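A.B. asks: Provided below are the primary sequence and the corresponding predicted coordinates.
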Amino acid sequence: MEQHRAVVVGAGIGGLTAAVALHRRGWEVTVLERAADLAPVGAGIGLAPNAQRALDVVGLGDRVRALSAWQGDGGIRTPGGRWLARTDAAAAAARFGGPLVLLHRATLVEILTSALPEGVLRTGVTATVTDPGDDHRRARLTVSGGGTGARSEMEAELVLAADGIHSATRRALFPDHPGPRYSGSTSWRVVVPAPERAFAPHETWGAGKVWGSQPLKGGRVYAYAMAVAPAGAHAPDDERAELLRLFGDWHRPVPEILAGVAPDRILRHDVHHLPDPLPAFHRGRVALLGDAAHAMMPSLGQGGNQAVEDAVVLAHHARSAPDFLPSRALAAYTADRLPRTSALVRKAARTGAITMLSARPAVALRTTLVSAVCRFGPGLALRGFDGICDWRPPVEAVGTARGATPRRVS
């Protein structure tokens, strides 16, 4: 039986998961990545139970959990250190069928790439979709780079565009879509050695500023921060000095973490999202996934998780080669994913607006309300993730879902 070819444009978390899932379906897969290597600096990722169940589908969930830190009890704090809300990790795990786990993105990338055959991944390559194809003709791409600089043409029965929030493929498929919008905030991410004294995982809300500290395995900490800022702003000296100005007088362990940060190990990115949903996540034989399809603010911690969901749902609809009909398969993918992710984009924007409040009266009111909710309705925060973290992969999923109970996507 002739293998059909799938080309994945972009080797982020969603693109690599899709490549693994399609490979397990029997597709011949090629992954094209613009960057010269896949070594992310200073970035961690939290995987909620919904994404872990998706990774179970491709046989990688147990390995991810073994290499991850399981989030313990923590909560939300003020810059002075007062706890506004406490989280119960056991209650969350019981409600959603498992814990939140945290690991370095480089670890997750290594797990995913190790599940692919040699030669599948090509780095330093730029790929442009020149024809999305249809049920009767293959999609076509122009490829350049890869060390030679030469341009070549590729054809594929399926193209998956996981090329990020500024996706060139999305612009080509939907030229009238307004594209990403700046959220009004910039972000920083670091991974550093853990301070000597242990601490509880926390997110701290200030006036127009947020800091989070999450322990990782191996004596490391993943820390992230956001602050209201003009688009494209840069520190006048270096980013560590900027973080010290913004967060240096906050409660421990923030000062200890900042003391261990090297300026060249800090990632800073403006936060963009896609508040206007796309009309579809596909055209012809080309499908969008992850940030290319539904970039959201990080306030729910679901961006990467939704990309992993996308990958296994798309592979579920991309039946083995003889049965693959793009118009039917990709329309089903859009029908499953567009309503769910559009709702999460909206919810993440609402939550982000609350966390980034900067006016003093609004911040004071937020503090009062969060404290009251924690005191009188501690389960409300968990209920806010109902329908998100309890998601399960579709029936007849690819691979073996050890420990999972697949059911139809709702």
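C.D. replies: Everything's here; your move.
A.B. asks: from here on, contacts and neighbour counts on C-alpha atoms
C.D. replies: Will do.
A.B. asks: Check the average confidence over stretch 73-91, would you?
C.D. replies: In this model, stretch 73-91 carries a mean pLDDT of 94.
A.B. asks: What of stretch 275-286?
C.D. replies: 98.
A.B. asks: mind listing what's buried in it?
C.D. replies: Using 16 or more other CA atoms under 10 Å as the test for burial, stretch 275-286 gives Pro275, Pro277, Leu278, Ala280, Phe281, His282, Arg283, Gly284, Arg285, Val286.
A.B. asks: what's the answer for stretch 292-309, then?
C.D. replies: Applying 16+ other CA under 10 Å to stretch 292-309 flags 292-300, 302-309 as buried.
A.B. asks: Also stretch 363-382?
C.D. replies: Val363, Arg366, Thr367, Ser371, Cys374, Pro378, Ala381.
A.B. asks: For Gln214, which three-state class applies?
C.D. replies: strand (DSSP: H, G, I helix; E, B strand; the rest coil).
A.B. asks: so where do the helices sit in the stretch 101-250 of the chain?
C.D. replies: Counting by DSSP state H, counting those that start in this stretch, the stretch 101-250 of the chain has helices at residues 105-114, 168-173, 239-247.
A.B. asks: And the ones you listed: which comes nearest Gly218?
C.D. replies: helix 105-114 (11.8 Å; CA to CA).
A.B. asks: in this structure, what spans have low per-residue confidence?
C.D. replies: 1-3, 41-42, 147-149, 320-322, 377-378, 395-410 (pLDDT under 70).
A.B. asks: Let's see that with 80 instead.
C.D. replies: Within the chain, the stretches with pLDDT under 80 are 1-3, 39-42, 146-149, 319-323, 375-380, 395-410.
A.B. asks: Where is the longest helix in it?
C.D. replies: As assigned by DSSP state H, the longest helix anywhere in the chain is helix 326-355.
A.B. asks: Count residues in the vicinity of the closest residue to Glu242 other than its chain neighbours, would you?
C.D. replies: Excluding the flanking residues, the one nearest Glu242 by CA to CA, 6 or more residues apart in numbering is Ala235, at 5.8 Å. Close neighbours of Ala235, defined as other CA atoms under 10 Å, add up to 10.
A.B. asks: Next: Ala318.
C.D. replies: Neighbour tally, Ala318, other CA under 10 Å: 24.
A.B. asks: and if you look at Asp264?
C.D. replies: Neighbours of Asp264 using other CA under 10 Å come to 11.
A.B. asks: mind listing what the residue nearest the centre of the chain touches?
C.D. replies: Residue closest to the average C-alpha location in the chain (CA atoms, centre = their mean): Gly304, at 1.5 Å. Neighbouring residues of Gly304 by CA atoms under 8 Å, 6 or more residues apart in numbering: Ile13, Gly14, Ile45, Leu47, Gly290.
A.B. asks: host element of the nearest residue to Ser167 once chain neighbours are set aside?
C.D. replies: Nearest non-adjacent residue to Ser167, counting by CA to CA, 6+ apart: Ala292, 5.3 Å away. For Ala292, the element it lies in under DSSP states H and E is helix 291-294.
A.B. asks: Which members of the buried residues of stretch 363-382 are positioned in helices?
C.D. replies: Per DSSP H, helices hold the following members of these: Val363, Arg366, Thr367, Ser371, Cys374, Ala381.
A.B. asks: Which neighbouring elements make contact with the longest strand that the chain contains?
C.D. replies: Looking across the chain with DSSP state E, the single longest strand is strand 181-193. Here strand 181-193 touches strand 44-47, strand 220-228, strand 267-273, going by 3 or more CA pairs under 8 Å, 6 or more residues apart in numbering; DSSP states H and E.
A.B. asks: again, only using 7 Å
C.D. replies: Judged by 3 or more CA pairs under 7 Å, 6 or more residues apart in numbering; DSSP states H and E, strand 181-193 is in contact with strand 220-228, strand 267-273.
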